[in-house]
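with the sequence up front, the predicted model follows.
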Amino acid sequence: MKKIMSGIAAFAMAAVMLTSCGVPANTVHSVDDLKGKTIGVQLGTTGDTLAGDIEDASVEKYTKGADAIQSLKQGKIDAVIIDSEPAKAFVEKNDDIEILDEAFADEEYAIAMKLDNTDLQAEINGALKELKDDGTLDKIKNNYEGDTKFEYTSPEDVDRSKGKLVMATNAEFPPYESKENDKIVGFDVDMMNAVCDKLGYELQIDDMAFDSIIAAVQSGKADVGVAGMTATEDRKKNVLFSDSYATSHQVIIVRSK
């Protein structure tokens, strides 16, 4: 009987120890704390590029930012580096993660197109300037990032005589692009609809993995790549970029405990 009881006690003790071994406490409180840590990033993003420069860090790459967040919550990684607006969206939906006050890096978003397509670049830059000058771009941005609601709608008499403009994107990047009832919505979508309205195109959106977008533009499968994409020097070797249409920040998400 004693052996049975001691066996039960040992099993109970093991069970208590097992259940008490939960997700590890957060140890990343600043950019400096990233040294030697395991960091999650979305494949092909600016965060992916920058994380590789952190001393002794191990970088885990995910197809979707949401997958990196899930791994963080489970304790498989120590932090996630991602753009600020998607970071805010993730934190709003998960009370066990938070964004560090210290930003990791600043970046400018632009529209990618084929290297030799300078005519389209000029067209798009002209449309972006008009949208900035008449306040439309700010209204669209505030609709997704601010407190002012503004639903962009195309004019009824808009010209579509130039045909389709194919936009490659990755609909896993709210509020810039995400899926809502099987429809791709977001700041980039509204912005590109406004650009197409100015230029006489019909916008067609193709959803794909983020790291496939530049290849799609290079091959001509898509006319433009628009997905909160930073105009880095490495990317400029492969695609042409428009003028910047938004400024963002790379931030660090960690567990809140």
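Cool, got the structure.

now the helices for the stretch 51-200 of the chain?
Listed in chain order, the helices of the stretch 51-200 of the chain (DSSP state H, counting those that start in this stretch) span 65-73, 84-93, 118-133, 136-145, 187-199.

deepest of these, which one?
helix 187-199 (a mean of 23; mean count of other CB atoms under 10 Å). Placement of C-beta: from N, CA and C, glycine included.

can you add mean pLDDT and distance to Lys237 and give the helices of the stretch 51-200 of the chain back as CSV?
Putting the helices of the stretch 51-200 of the chain into CSV (pLDDT from 0 to 100; distance: least, CB to CB, whole Å) gives the following:
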stretch, mean pLDDT, distance to Lys237
helix 65-73, 96, 25
helix 84-93, 92, 26
helix 118-133, 98, 16
helix 136-145, 93, 28
helix 187-199, 98, 23
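
I'd like those helices laid out as a markdown table, including distance to Glu108.
What follows is the helices of the stretch 51-200 of the chain, written out as a markdown table (distance: least, CB to CB, whole Å):
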| stretch | distance to Glu108 |
| --- | --- |
| helix 65-73 | 20 |
| helix 84-93 | 13 |
| helix 118-133 | 12 |
| helix 136-145 | 14 |
| helix 187-199 | 14 |
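
can you say which of the ones you listed is nearest to Met208?
Comparison of the helices of the stretch 51-200 of the chain against Met208 by CB to CB identifies helix 187-199 as nearest, at 14.0 Å.

what's the following helix or strand after the closest one?
strand 202-207 (DSSP states H and E).

helix or strand with the lowest mean pLDDT in this structure?
Lowest by mean pLDDT, DSSP states H and E among the helices and strands of the chain is helix 2-20, with a mean of 39.

how is this structure carved up into domains?
2-106, 111-241 (automatic domain parsing).

so which of those is the most surrounded?
Per stretch, and counting mean count of other CB under 10 Å, the top mean among the domains of the chain goes to domain 111-241, which has a mean of 18.

need the distance between the two termini of that one.
With CA to CA, to the nearest Å as the measure, the ends of domain 111-241 fall 5 Å from one another.

show me how far it is from its chain's centre.
15 Å (CA atoms, centre = their mean, to the nearest Å).

if we can go back for a sec, so which of the helices of the stretch 51-200 of the chain gets nearest Val226?
Among those, helix 187-199 comes nearest to Val226, with 4.8 Å by CB to CB.

okay, the angle between the closest one and helix 136-145?
Between helix 187-199 and helix 136-145, the angle comes out at 160 degrees (axes from the mean of the first three to the mean of the last three CA atoms, to 10 degrees).

which other residues reach helix 187-199?
111, 123-124, 126-128, 130-131, 136-137, 140-141, 143-145, 152, 154-155, 158, 162, 165, 167, 169, 175-177, 201-203, 205, 224, 226-228, 245-246 (CB atoms under 8 Å, 6 or more residues apart in numbering).

please apply the same query to stretch 52-72.
34-43, 48, 51, 76-80, 82, 86, 90, 94, 97, 172-173, 209-210, 253-255.

stretch 97-104 now?
Contact with stretch 97-104 is made by 28-31, 47, 50, 69, 72-73, 81, 84, 87-88, 90-91, 249-256, as judged by CB under 8 Å, 6+ apart.

one more time with 6 Å, if that's ok
Ser30, Val31, Ile81, Ala87, Val91, His249, Gln250, Val251, Ile252, Ile253, Arg255, Ser256 (CB atoms under 6 Å, 6 or more residues apart in numbering).

which of these sits closest to Leu240?
The nearest one, if we look at those relative to Leu240 and count by CB to CB, is Gln250, at 23.3 Å.

quick check: that closest one is in a helix.
No - looking at Gln250 with DSSP: H, G, I helix; E, B strand; the rest coil, it is strand, so not inside a helix.

which residue packs closest to Gly22, ignoring adjacent ones?
Gly75 (7.7 Å; CB to CB, 6 or more residues apart in numbering).

pLDDT at the one you found, what is it?
Listed pLDDT for Gly75 reads 97.

quick one, strands of the stretch 151-257 of the chain?
Ranges of strands in the stretch 151-257 of the chain, per DSSP state E, counting those that start in this stretch, are 164-169, 172-173, 177-180, 183-185, 202-207, 224-225, 240-241, 246-255.
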